[in-house]
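Asker: Sharing a model that was predicted from the sequence below.
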Amino acid sequence: MERIYDIGQLFDLLGSEEIKSIKKVTLQGWVRTNRNSGNIGFIELNDGTSFKNAQLVYSSDVDCYELLSSLRSGCAITVTGELVLTPEMKQPFEIRVTDAILEGGANESYPLQKKYHSYEFLRDIAHLRVRTNTFNAVFRVRNVLTMALHEYFQDNGFMYVHTPIITTNDGEGAGNVFDVVTHDSDDENSFYGQRVNLTVTGQLHVEPFALAFKRVYTFAPAFRAEHSNTVRHSSEFWMIEPEMAFCDLNGNMDIIEGCIKHSIKTVLEKCGPEMEFFNTQVDKGLKDRLNNVLNSEFKKMTYTEAINLLQEAVKSGHKFDNSDIKWGMDLQSEHERYITEQIVGGPVFLIDYPKEIKAFYMKQNDDGKTVAACDLLVPGVGELVGGSQREDRLDVLEAKMKELNITNLDWYLDTRRYGGCYHSGFGLGFDRLLMYVTGMQNIRDVQPYPRTSNNIKY
């Protein structure tokens, strides 16, 4: 047998002297389409190593013609043939098949035929939808985006920390958690001797590491038992949560900006064909929007300024679904998008939010009304990242926890009792970032096996 090549390998070799010396190749992959005109046939083959397919050409005079002409979409095959460079054609090379082996057939019930399939239909076959162009591209970008984030933090002196999945706290104080129970006892709390739940955030567990290693991050799954049937909510998702000691809110925002820009730049550089696909087939303004973010200086605006501008917009006749704009409200996506798209025309950090609408651990500002928090708003989405400087004053933090009746975090207070310092961090929902980078509109379409309220199949 000739050397087995990956299709991605062959595309990478285009333009080199090496590819000119290759005469015969063996490929292994899955049939996307098979067109046969009687004397000649064309197969689009994909092996997962490239977003692009390899074109196989077969004629009626080869011994394996009967096999090749009978192949349906979805079949797994091994083929050997002559590599022919065709730079003047739509495809830069083709394989003229001389031998083929059927590794695994696909019968008539194979659900992915050469026609349009809705995203709703494809969600019901999550185990097969990765073979379509859209989801092939989504999960290739997901892989590159994952590595881009790790690269950014590793290259900037951060240490990766694995935080617990099972915990005794709800992090945000919201209470929307999944309890963890066993089924070998009448007492559901018997295994740990107390009530425990799946984590909603790794932040509280990673903060102590920041006070030992200075710069750390966790990149892990999080779980929220929210009955929010929206395109942006999922009960299981991945979070990037960095924490930095001796870092104030401004330093925090610098890290956020650097992280977002590096992620976008890496995806645009490494996923050219996939991003071109998204730009033409999913969101026609995607690349322009991403390049705008990449080349923008991220602005800063206080929450109070934003409220005033929104109130002025309502007075001028702009209609929001919620036009009752008042200080102290939690901004909706429509408000955030108006600010970033209509007022700023680019990314903007909203800072200094009312303390009542933010988490207990955020540092209270000197005005006694606001906290040193920041939300990054970007065009097309609204909020993308949320972060804050953490409350490092033990007495202030204790008072806030007492006010909210948070009682099981004495270990967390040790980080303020023993060598505490000013520090900050942020949370970035990875799946939402992937939505933003690809232009996909539903979180269910960027997760391998989405988990949402009233719906779990796998």
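Answerer: That came through, no problem.

Asker: May I have the distance across stretch 316-332, first residue to last?
Answerer: Distance across stretch 316-332, first residue to last, is 19 Å (C-alpha to C-alpha, to the nearest Å).

Asker: Report the buried residues of it.
Answerer: 325, 331 (16 or more other C-beta atoms under 10 Å). Placement of C-beta: from N, CA and C, glycine included.

Asker: what do you get for stretch 278-289?
Answerer: By neighbour count with 16+ other C-beta under 10 Å, stretch 278-289 contains the buried residues 278-279, 282-283, 286-287, 289.

Asker: Could you list the alpha-carbon positions for it in CSV?
Answerer: Provided in CSV are the C-alpha atoms of stretch 278-289 (Å, rounded to 0.1, in the frame of the first residue of the first chain):
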residue,chain,number,x,y,z
PHE,A,278,-18.9,31.5,8.3
ASN,A,279,-18.5,34.9,6.7
THR,A,280,-20.3,33.8,3.5
GLN,A,281,-22.8,31.2,4.8
VAL,A,282,-23.6,32.2,8.4
ASP,A,283,-23.0,35.9,9.1
LYS,A,284,-21.9,38.1,6.1
GLY,A,285,-20.5,40.9,8.3
LEU,A,286,-18.6,38.6,10.6
LYS,A,287,-15.0,39.2,9.5
ASP,A,288,-15.4,42.9,9.3
ARG,A,289,-16.9,42.9,12.8
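
Asker: Can you give the distance of it from its chain's centre?
Answerer: Mean C-alpha position of stretch 278-289 versus that of the full chain (C-alpha atoms, centre = their mean, to the nearest Å) differs by 17 Å.

Asker: got the contact list for that stretch?
Answerer: By C-beta atoms under 8 Å, 6 or more residues apart in numbering, the list of residues contacting stretch 278-289 from outside reads 133-134, 137, 141, 268, 275-276, 379-380, 438-440.

Asker: any idea of the mean pLDDT for it?
Answerer: Across stretch 278-289, pLDDT averages out at 96.

Asker: mind checking pLDDT for the residue sitting furthest away from the middle of the chain?
Answerer: Computed with C-alpha atoms, centre = their mean, the residue of the chain farthest from its C-alpha average is residue 61, at 48.4 Å. Note for residue 61: predicted pLDDT of 94.

Asker: Where does it sit: helix, strand or coil?
Answerer: coil (DSSP: H, G, I helix; E, B strand; the rest coil).

Asker: Quick check: chain neighbours aside, which residue is closest to residue 36?
Answerer: residue 69 (4.9 Å; C-beta to C-beta, 6 or more residues apart in numbering).

Asker: which residues sit in contact with residue 95?
Answerer: Contacts of residue 95 by C-beta under 8 Å, 6+ apart are 25, 27, 45, 54-57, 79, 81-84.

Asker: follow-up on the earlier one: would you point out the most distant pair within the buried residues of stretch 278-289?
Answerer: Greatest spatial distance in the buried residues of stretch 278-289: 282 and 289, 12.3 Å, computed using C-beta to C-beta.

Asker: quick one: low-confidence parts of the stretch 301-450 of the chain?
Answerer: Applying pLDDT under 70 to the stretch 301-450 of the chain flags no residue at all.

Asker: could you pull out the strands for it?
Answerer: Taking DSSP state E, counting those that start in this stretch, the strands of the stretch 301-450 of the chain run over residues 348-354, 370-378, 382-389, 423-429.

Asker: looking at those, which is closest to residue 117?
Answerer: strand 423-429 (27.0 Å).

Asker: who does the closest one touch, helix- and strand-wise?
Answerer: Under the contact definition 3 or more C-beta pairs under 8 Å, 6 or more residues apart in numbering; DSSP states H and E, strand 423-429 sits against helix 203-213, strand 236-245, helix 249-270, strand 382-389.

Asker: Show me the contact partners of that strand.
Answerer: By C-beta under 8 Å, 6+ apart, strand 423-429 touches 201, 203, 206-207, 210-211, 237-249, 251-252, 255-256, 259, 372, 374, 384-390, 392.

Asker: Can you go through these and name the buried ones?
Answerer: Listed as buried from these are 201, 203, 206-207, 210-211, 237-245, 247, 249, 252, 255-256, 259, 372, 374, 384-390, 392; burial here means 16+ other C-beta under 10 Å.

Asker: and the strands of the stretch 301-450 of the chain, which is most packed in?
Answerer: strand 370-378 (a mean of 25; mean count of other C-beta atoms under 10 Å).

Asker: Please export the C-alpha coordinates of it as PDB.
Answerer: Taking C-alpha atoms only, strand 370-378 is exported to PDB below (Å, rounded to 0.1, in the frame of the first residue of the first chain):
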ATOM      1  CA  THR A 370     -21.000  51.100  43.300                       C
ATOM      2  CA  VAL A 371     -18.500  48.300  42.900                       C
ATOM      3  CA  ALA A 372     -15.300  48.100  40.900                       C
ATOM      4  CA  ALA A 373     -16.800  45.800  38.300                       C
ATOM      5  CA  CYS A 374     -16.500  45.700  34.500                       C
ATOM      6  CA  ASP A 375     -18.500  44.100  31.700                       C
ATOM      7  CA  LEU A 376     -17.000  44.100  28.200                       C
ATOM      8  CA  LEU A 377     -19.700  44.900  25.600                       C
ATOM      9  CA  VAL A 378     -19.100  44.100  21.900                       C
END
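
Asker: Stretch 154-167: how far from the chain's middle?
Answerer: Relative to its chain's centre, stretch 154-167 lies at 17 Å (C-alpha atoms, centre = their mean).

Asker: same check, this time on stretch 311-319
Answerer: Counting by C-alpha atoms, centre = their mean, stretch 311-319 comes out at 34 Å from the chain centroid.

Asker: And for stretch 255-273?
Answerer: That offset, for stretch 255-273, works out to 12 Å (C-alpha atoms, centre = their mean).

Asker: cool, stretch 42-61 as well?
Answerer: 30 Å.

Asker: May I see the buried residues of that stretch?
Answerer: Result for stretch 42-61 [16+ other C-beta under 10 Å]: buried residues 43-47, 49-58.

Asker: from those residues, which ones fall inside strands?
Answerer: 43-46, 54-58 (DSSP state E).

Asker: and which of the residues you listed is nearest to residue 6?
Answerer: residue 54 (9.8 Å).

Asker: Tell me what the closest one is bridged to.
Answerer: Bridge pairing for residue 54 (DSSP bridges) gives the partners residue 45.

Asker: Tell me the confidence at it?
Answerer: 97.

Asker: so what's it up against?
Answerer: Contacts of residue 54 by C-beta under 8 Å, 6+ apart are 7, 10, 27, 29, 44-47, 91, 93-95.

Asker: Distance check, it against residue 260.
Answerer: 35 Å (C-beta to C-beta, to the nearest Å).

Asker: Out of the helices and strands packed on strand 423-429, the one nearest residue 183 is which?
Answerer: strand 236-245 (20.8 Å).

Asker: And that closest one, how far out from the chain middle?
Answerer: Distance of strand 236-245 from its chain centroid, counting by C-alpha atoms, centre = their mean, is 13 Å.

Asker: That strand: partners in the sheet, and parallel or antiparallel?
Answerer: Strand pairing (DSSP bridges) places strand 236-245 next to strand 215-223 (antiparallel), strand 423-429 (antiparallel).

Asker: What residues of the longest one count as buried?
Answerer: By that I understand strand 215-223. Neighbour-count burial for strand 215-223, counted by 16+ other C-beta under 10 Å, picks out 215-220, 222-223.
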